[in-house]
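K.L.:
Here's a sequence, model it:
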Amino acid sequence: MSKLDSIRFISLPQSMEDKITGFRIDSSIPIPVQLADGQKHLDPDKVTLESIVAGMLVVIAYRDNDKNIPYYRDFVLAAQPNAIEELNTAAIAKEKQKDYPFAEQLFLTVYHMTPQVASCINLASLYSSWAVYEAGQKDEKAEDFYLTKCLNTLREGLERFGESEDILCELGALQTYLGNLEDAQAYLQRYMKVASEGEKKQKMKAMLKDVTKRLDSDLEIRQAYDFMMLDEEEKALSTIEKFIAKNPKVWHGHFIKGWALRRLKRYQEAEEALLKCFSCGESNADIYNELSICALENGRRELAKNYLNAAVDLDSDNLTLASNLAFLHLMDDEFDEAREWIEKCRRLAPEDSQVKSMMEEYTAKTGESFGDIVSEEYVSDPEGKEEHHHEDDCHCHDHDSGHSHQHHGDEGEDMDGFEAELEAMKED
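P.N.:
Numbers count the residues shown, from 1 in each chain. Here you go, the predicted structure:
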């Protein structure tokens with residue numbers, strides 16, 4: 001329900017044109033009146049100055065393009081000279097009480113009555129607090145909504161008030177928080193040009209320095225990644241070494257280094273670089289997959305399987321990982337495990353050529369063929385006590401945790417080590 005739904009407009013008689021000292025009422029301008037709670041129709045006998053002022057404040061807050069806003073503002077200030085101060089005080093109190101909708105109405109009213117940098121920032125700060133509250137409620141959609149309102153309020157303020165150092169400061173800090181580093185850098189650079197000397201400027205200068213450093217680092221990561229996509233591993237390695245020297249605790253650098261070293265067949269060094277990702281606090285399927293390739297190439301087949309099992313636990317629906325694990329078990333004549341993972345691959349991609357090749361290899365080795373794909377179901381217990389997992393003789397592990405990670409970009413290339421060993425085994 002819109003706040004404006006509680007507003008009714010009336011026309012005042014000419015006899016009231018001098019009712020407020022120092023302000024002349026214009027009887028030709030419609031006057032908004034706020035209905036009392038539960039009231040649907042306006043009772044002329046219950047119209048008071050308070051209900052008129054309340055109605056004007058709602059219109060000022062939510063219909064700021066109304067041509068009569070200047071008149072309503074002057075009316076309110078004539079009736080309540082301390083209105084701005086009282087509204088601000090009430091708005092701050094409501095924000096502290098987390099009554100955000102009412103605080104928004106009050107801050108909007110102040111901003112539209114007296115458009116100033118301070119009232120703009122107060123409104124934006126409210127939206128920022130509201131976003132933090134919604135984040136605490138685990139409502140990401142609402143959090144994003146109020147962060148956007150905060151951002152838009154500051155941007156509109158910058159258009160209205162020009163190069164305000166306070167608004168530029170707020171925008172720079174907000175964009176930094178949001179991770180929009182290029183925008184943050186642009187706003188902070190503009191801030192530096194107009195900011196007054198002092199402690200605040202020094203803090204923002206440090207923020208700008210940090211943002212610029214992060215942007216430079218991001219550029220190095222992107223350049224190293226691009227070199228990997230162009231199969232220029234040496235250039236990627238040289239670039240990422242520079243990044244790691246400046247950012248030794250950022251896992252992305254160690255991952256790209258390990259990836260490049262692995263493709264250069266420097267497997268021991270690659271493994272050492274990849275393991276540093278864990279000490280940096282990161283553990284994902286791509287890291288474990290790269291480690292499994294290194295372990296395999298270094299002759300540690302069981303370790304390679306362990307790494308792949310860890311990878312699949314983190315990314316249960318990743319065909320590349322499941323196929324790699326199926327290949328390893330098939331090559332080691334571990335047929336129960338091989339079939340288990342081949343069945344998993346069949347459910348993920350029944351028409352995949354590599355999956356079909358594994359099925360043929362398995363049948364050639366064991367004499368066992370594959371039937372129709374068996375789907376997994378969860379069936380409720382008749383008593384409603386528990387759920388049982390039925391697989392009709394299919395022994396695939398259920399790792400469906402819902403995680404989804406992107407590969408690091410080697411389209412199909414992660415299978416190279418496994419396929420080479422499989423081909424070598426066939427030749428032997």
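K.L.:
burial measure for residue 158, as a count.
P.N.:
Neighbour count of residue 158, defined by other CB atoms under 10 Å: 19. Every residue, glycine included, has its C-beta placed from N, CA and C.
K.L.:
cool, residue 152 as well?
P.N.:
Neighbours of residue 152 under the rule other CB under 10 Å: 12.
K.L.:
Can you classify it as helix, strand or coil?
P.N.:
Secondary structure, DSSP: H, G, I helix; E, B strand; the rest coil: residue 152 is helix.
K.L.:
same deal with residue 8?
P.N.:
strand.
K.L.:
Surely it and residue 42 touch.
P.N.:
Yes. Assessed by CB atoms under 8 Å, residue 8 is found in contact with residue 42 at 4.4 Å.
K.L.:
What residues of stretch 222-236 count as buried?
P.N.:
The neighbour-count check on stretch 222-236 (16 or more other CB atoms under 10 Å) flags 223, 224, 225, 227, 228, 233, 235, 236 as buried.
K.L.:
could I have that stretch exported to CSV, CA atoms only?
P.N.:
C-alpha atoms of stretch 222-236 as CSV (Å, rounded to 0.1, in the frame of the first residue of the first chain):
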residue,chain,number,x,y,z
ARG,A,222,43.9,-11.0,-16.0
GLN,A,223,47.0,-10.7,-18.1
ALA,A,224,48.4,-14.0,-16.7
TYR,A,225,45.1,-15.7,-17.4
ASP,A,226,45.0,-14.4,-20.9
PHE,A,227,48.5,-15.8,-21.5
MET,A,228,47.3,-19.2,-20.3
MET,A,229,44.4,-19.0,-22.8
LEU,A,230,46.9,-18.3,-25.5
ASP,A,231,49.1,-21.3,-24.4
GLU,A,232,51.9,-18.9,-23.5
GLU,A,233,52.7,-20.4,-20.1
GLU,A,234,56.1,-18.8,-19.7
LYS,A,235,54.7,-15.3,-20.1
ALA,A,236,51.8,-16.2,-17.7
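K.L.:
contacting residues around the closest residue to residue 69 other than its chain neighbours?
P.N.:
Residue nearest to residue 69 in three dimensions, not counting chain neighbours: residue 60, with 5.9 Å by CB to CB, 6 or more residues apart in numbering. By CB atoms under 8 Å, 6 or more residues apart in numbering, residue 60 lies in contact with 69, 72, 73, 76, 108, 109, 112, 113.
K.L.:
most neighbours, which of these?
P.N.:
Busiest of the contacts of residue 60 [other CB under 10 Å] is residue 109, holding 27 neighbours.
K.L.:
That one contacts residue 55, doesn't it?
P.N.:
No. Between residue 109 and residue 55 there is no contact under CB under 8 Å: 11.8 Å.
K.L.:
where along the stretch 201-350 of the chain do the strands fall?
P.N.:
Using DSSP state E, counting those that start in this stretch, the stretch 201-350 of the chain contains no strands.
K.L.:
Tell me where the stretch 201-350 of the chain has helices.
P.N.:
233-246, 251-263, 267-279, 285-297, 301-314, 319-331, 335-348 (DSSP state H, counting those that start in this stretch).
K.L.:
ignore the last one, the stretch 51-200 of the chain
P.N.:
Taking DSSP H, counting those that start in this stretch as the criterion, the stretch 51-200 of the chain carries its helices at 69-79, 83-96, 100-113, 117-136, 140-161, 165-178, 181-194, 199-229.
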